[in-house]
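> model the structure of this input:
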Amino acid sequence: MVLNDQFSVERARAVIEAGMQSPHVRYSILVLEECLERYNCDEVILSFNGGKDCTAVLHLAASVFLLRGIHSLTCLYVTGEPFPEVDAFVEKASQYYNLKVIRKKKPIKSALTALLNENKKLKAGLMGVRRGDPGSEKLQPFQPTDPSWPQLMRISPILDWTYRNVWDFLLEHEVPYCSLYDKGYTSLGERTKTFPNPLLQIPNAPSSYRPAYTLIDDSTERNGRG
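Numbers count the residues shown, from 1 in each chain. Okay, here's the model as predicted:
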């Protein structure tokens, strides 16, 4: 989808209606609805780095929020050595979803500390974390940050989604995503340490790769991450 318009109520409604027919998406919607039962919209921030997982969360959250009459989301974009394509996508997404994007430099811990010092209202953060991510095996959908971190409720709507679930959702709803995923990247990190997934290389064409959504084995998602 070309990001030349605005995310609409009609699109939001289509996401929710289709999602209620899918168990894992329905659960994610319930998590987001519980988020809005617990917190006011100005107490919630979305961690958004342009990756596929947080893009799925953004699209879901935008749908739930918009149908509640909430027309804007605030996002934290923590950068280190970003790809130009990621920066460009975050900028376009901010226009498409009417986002307020707060940019901070890595490391994440100090970025979060600065953010909470600047905005005392914030109480919860929406995350694009999945169970297969490092250190997320025991995470719950609602779980406070560790004691040594700035205090915030971590909310993980797609915690139990698979890699395939993410791509099925993005493709079904024609969700805009970063162009790097069409160039063989399956997991995005620092620019100098992230490369196309070698499993997607097209035979006899060393510099050409299939899109990320063609990856068959979920366990190889992070191949290409240094």
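
> next, the buried residues of stretch 181-191.
Across stretch 181-191, burial judged by 16 or more other CB atoms under 10 Å covers 181, 183-189. Quick note: C-beta positions are derived from backbone N, CA and C, even for glycine.

> what of stretch 96-106?
Buried-residue list, stretch 96-106, by 16+ other CB under 10 Å: 96-97, 99, 101-102, 104.

> please identify the helix or strand for residue 125.
Counting by DSSP states H and E, the element that carries residue 125 is strand 124-126.

> all helices of this protein, in order?
9-19, 23-38, 52-67, 84-96, 108-118, 163-172 (DSSP state H).

> just the angle between the fourth one and helix 52-67, please?
Read it as helix 84-96. With axes from the mean of the first three to the mean of the last three CA atoms, to 10 degrees defining the directions, helix 84-96 sits at 10 degrees from helix 52-67.

> likewise for the last one?
Relative orientation of helix 163-172 with respect to helix 52-67: 50 degrees, computed using the same axes, to 10 degrees.

> now do helix 163-172: everything it contacts.
Helix 163-172 has contacts (CB atoms under 8 Å, 6 or more residues apart in numbering) with 18, 24-25, 52-53, 55-56, 59, 130, 132, 158, 161, 175, 177, 186, 212-213, 215, 218, 221.

> give me the buried subset of those.
Buried by 16+ other CB under 10 Å: 25, 52-53, 55-56, 59, 130, 132, 158, 161, 175, 177, 186, 212-213, 215, 221, out of these.

> one step back: please identify the most buried of the helices of the chain.
For the helices of the chain, the largest average neighbour count (mean count of other CB atoms under 10 Å) is found in helix 52-67, namely a mean of 23.

> run through the chain and note the low-pLDDT ranges.
1-4, 226 (pLDDT under 70).

> about what we covered before: and residue 145, which of the helices of the chain is closest to it?
When these are compared by CB to CB, helix 108-118 sits nearest residue 145, at 8.0 Å.

> can you give me how far that closest one is from the chain middle?
Relative to its parent chain, helix 108-118 has a centroid offset of 19 Å by CA atoms, centre = their mean, to the nearest Å.

> same question, stretch 51-71
With CA atoms, centre = their mean, you get 10 Å for stretch 51-71.

> residue contacts, the residue most central in space within the chain?
The centroid of the chain falls nearest to residue 54 when counting by CA atoms, centre = their mean (0.3 Å). Residues counted as contacts of residue 54 (CB under 8 Å, 6+ apart) are 46-48, 127-128.

> of these, closest to residue 67?
residue 46 (16.6 Å).

> tell me who's in contact with that closest one.
So, once contact is read as CB under 8 Å, 6+ apart, residue 46 ends up touching 54, 57-58, 61, 73-76, 125-126.

> what separates stretch 92-108 from the chain centre, distance-wise?
So, by CA atoms, centre = their mean, the centroid of stretch 92-108 is 11 Å from its chain's centroid.

> thank you, goodbye.
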